[in-house]
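> sequence plus predicted model, see below.
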Amino acid sequence: MEKYSGKSVYKGVALGRVMVLAKTDDSVKRTRVADPEAEFARFEAACDTAKEQLQKLYEKAVAEVGEASAAIFEVHQMMLEDEDYIESVQGIITGEGVNAEYAVAVTSDNFSEIFASMDDDYMKARAADVKDISNRLVRILSGTDTGTGMTDEPVIIVADDLTPSETVQMDKDKILAFVTIHGSTNSHTAILARMMNIPAIIGAPFELESIENNCMAIVDGIKGEVIFDPDEKAVQEAKTKIAKEEEKHKLLLELKGKETKTKSGKEIKLYANIGNVSDLAYVLENDAGGIGLMRSEFLYLGREDFPTEEEQFQAYKKVLQTMAGKKVIIRTLDIGADKKADYFNLGEEDNPALGYRAIRICLTQTEIFKTQLRALLRASNYGNLSIMYPMIISVEEVKKIYEIVNEVKQELDEKKIPYKDVEQGIMIETPASVMISDELAKYVDFFSVGTNDLTQYTLAIDRQNEKLDAFYNPHHEAILRMLRIAADNAHKEGKWIGICGELGADPELTETFAEMGIDELSVSPSMVLPLRKIIRDIP
Ligand code: PEP
Ligand code: MG
């Protein structure tokens, strides 16, 4: 039995088997093989495994984002049957007497180069697909396949660290908990764990190599502790805690359908944060009054190319339809800093948190922005949509955004494509936006305070830097004063203000927020009912 303490991100308890996610070494080595025929058979077996994985991904994607968006997994399955591709791999294995991983990597480079040089846009896009399926094959062949989402039994994921794009690709139903050696409590990976309702411990000091795949483990988010190979006594204790947690959850479920009003009758709207369409299940389960923040950038992560307008439209439409007239606030692309996708080609930056991210990308690469706006406006017909813009620092930015939105509306009008008039608001997550919130409030319909970034920029603390977790104090008086300033300025202009950063879910501050006049709190779905209870107890 081995016990390690770390920082708890979500206070639940889990008991189950471990799946170690080893960091994959992308460089493929060329080695000689004694039996090329057996090596080719190994390649064929890997193709079968890849097809099974892709079929599962296809079915999952059909259920979550619809047939059109899922079609890519069918294309990938077909590519695995492409004769030219298979013959090339076979030729290299048998002709050079080398390993299948190497043959696949070379074939991948050759084919993707050919596709990329074609004039036809469709064929060009296939270059990324060839790379994608080849990487999958190499991972299977080399045994470094993380199998994210491929196991049947839910597991405890143990990793060195996880990026948001790795996390977002995981099959959430198959994860009991996360344990990582590195990571900061304010990172998006931690936020995702909270959103998924799963216990998570980060910063636990063990050697990844010393943890055996498939061993039993307990993740105790209440104590901030992980136990590998627990003894019988620890297992019994964990089972008792899990039962208690379930009991507590059942009691909270009694608050479903009840109003979120203080005893004196003041309503605070309680909405949920989501990253993806699949998170809607948690929203419904926890009876959120709406969606206060959909981090749309998660649609862009964990993939090889931009999501098309149609793919985005389908995702937004599904969220709006499912929420059936309740408010849905979708934030436009907030990519950059820790949320990275290679195909954006953002390059390395010395200070990514202070860098080229979010609205700065949208205002300079307007085609990316317009595609998203078109998808959003088209989807507006299916529910009660509000659009929110991240990382705002000036009134000029808001004016520029409106110009672009109007251009998109005009294009839609010309094509007679209908859309609704939607509320447009901004994130208050930079000190600049707080200081000019009196001016900004004149131009927008609402504010939503992103306390995660507001804390980072106000306290000059990189939220990704795990060494600074002890200094990152979102209860800092400076943050509370800023919230008050922004709330007063919003209300002076008759606008509403919410909080969608993690601080919004802090039960110690709920009463303070009510007293400040905060109109809405948007929190991870699992926090909706606990906060409803607190709000209903406020005098
Ligand atoms: C925030 O900064 O508080 C916020 C809600 O946005 P994100 O965490 O995605 O940066
Ligand atoms: Mg932010």
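Alright, I've got the coordinates. Ligands and ions are numbered 1, 2, ... in the order given.
> name the nearest residue to Tyr382, sequence neighbours excluded.
Leu320 (4.3 Å; CB to CB, 6 or more residues apart in numbering). For glycine as for every other residue, the C-beta is placed from the backbone atoms N, C-alpha and C.
> what's the lengthiest helix in the chain packed up against?
Ordering each helix of the chain by length in residues (DSSP state H) puts helix 36-65 first. Secondary-structure packing of helix 36-65 (3 or more CB pairs under 8 Å, 6 or more residues apart in numbering; DSSP states H and E): helix 67-79, helix 83-96, helix 100-116, helix 121-142, helix 309-323.
> 6 Å - rerun?
Contacts defined by 3 or more CB pairs under 6 Å, 6 or more residues apart in numbering; DSSP states H and E place helix 36-65 against helix 67-79, helix 83-96, helix 100-116, helix 121-142.
> which residue ranges of the stretch 401-539 of the chain form helices?
431-435, 437-443, 451-459, 477-492, 510-516, 528-537 (DSSP state H, counting those that start in this stretch).
> for Leu333, which of the helices and strands packed on helix 36-65 is the nearest?
helix 67-79 (17.3 Å; CB to CB).
> which parts of the closest one are buried?
Counting neighbours by 16 or more other CB atoms under 10 Å, one finds that the buried residues in helix 67-79 are Ser69, Ala70, Ile72, Phe73, His76, Gln77, Met79.
> which of those sits closest to ligand 1?
Ser69 (22.7 Å; CB to the nearest ligand atom).
> sorry, back to before: between helix 83-96 and the longest helix of the chain, find me the angle.
150 degrees (axes from the mean of the first three to the mean of the last three CA atoms, to 10 degrees).
> okay, the angle between helix 36-65 and helix 309-323?
Using the same axes, to 10 degrees: helix 36-65 against helix 309-323 is 50 degrees.
> for stretch 111-118, give me every contacting residue.
Met123, Lys124, Arg126, Ala127, Val130, Lys131 (CB atoms under 6 Å, 6 or more residues apart in numbering).
> so what's the second one scoring on pLDDT?
Same thing as Lys124. For Lys124, the model assigns a pLDDT of 70.
> OK, contacts around Val62?
With CB under 6 Å, 6+ apart, Val62 has these contacts: Ala70.
> got the contact list for the closest residue to Thr180 other than its chain neighbours?
With CB to CB, 6+ apart as the criterion, Thr180 has its nearest non-adjacent residue at 4.8 Å, and that residue is Ile202. Shown in contact with Ile202 (CB under 6 Å, 6+ apart): Gly6, Lys7, Val9, Thr180, Gly183.
> would TSV of these with pLDDT, distance to Leu208 and neighbour count be doable?
Below are the contacts of Ile202 laid out as TSV (pLDDT from 0 to 100; distance: CB to CB, whole Å; neighbours: other CB atoms under 10 Å):
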residue	pLDDT	distance to Leu208	neighbour count
Gly6	94	14	22
Lys7	92	17	19
Val9	88	19	29
Thr180	93	9	26
Gly183	85	13	28
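> how about the residues you listed in TSV, adding distance to Leu503 and secondary structure?
Formatted as TSV, the contacts of Ile202 follow (distance: CB to CB, whole Å; DSSP: H, G, I helix; E, B strand; the rest coil):
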residue	distance to Leu503	secondary structure
Gly6	22	coil
Lys7	17	strand
Val9	15	strand
Thr180	23	strand
Gly183	19	coil
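> before we move on, back to that, any idea how many residues pack against the residue nearest to Tyr382?
Using other CB atoms under 10 Å, Leu320 has 22 neighbouring residues.
> and it, what does it touch?
By CB under 6 Å, 6+ apart, the neighbours of Leu320 are Val328, Ala379, Tyr382, Gly383, Leu385.
> Throw the residues you listed into JSON lines and include neighbour count, distance to Glu246 and secondary structure, thanks.
Below are the contacts of Leu320 laid out as JSON lines (neighbours: other CB atoms under 10 Å; distance: CB to CB, whole Å; DSSP: H, G, I helix; E, B strand; the rest coil):
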{"residue": "Val328", "neighbour count": "28", "distance to Glu246": "30", "secondary structure": "strand"}
{"residue": "Ala379", "neighbour count": "25", "distance to Glu246": "36", "secondary structure": "helix"}
{"residue": "Tyr382", "neighbour count": "20", "distance to Glu246": "35", "secondary structure": "helix"}
{"residue": "Gly383", "neighbour count": "22", "distance to Glu246": "33", "secondary structure": "coil"}
{"residue": "Leu385", "neighbour count": "26", "distance to Glu246": "35", "secondary structure": "strand"}
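> tell me the one of these nearest ligand 2?
Val328 (18.5 Å; CB to the ion).
> and the residue nearest to Leu299 when sequence neighbours are not counted, how many neighbours?
With sequence-adjacent residues excluded and distances taken as CB to CB, 6+ apart, Leu299 is closest to Pro307, at 5.1 Å. Pro307: 20 surrounding residues under other CB under 10 Å.
> before we move on, what about Thr260?
So Thr260, with other CB under 10 Å, has 24 neighbours.
> how about the one 5 residues further on?
Applying the criterion other CB under 10 Å, we find 7 residues in the vicinity of Gly265.
> returning to what we had before: mind putting the contacts of Ile202 in CSV, distance to ligand 2 included?
Below are the contacts of Ile202 laid out as CSV (distance: CB to the ion, whole Å):
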residue, distance to ligand 2
Gly6, 24
Lys7, 20
Val9, 17
Thr180, 21
Gly183, 17
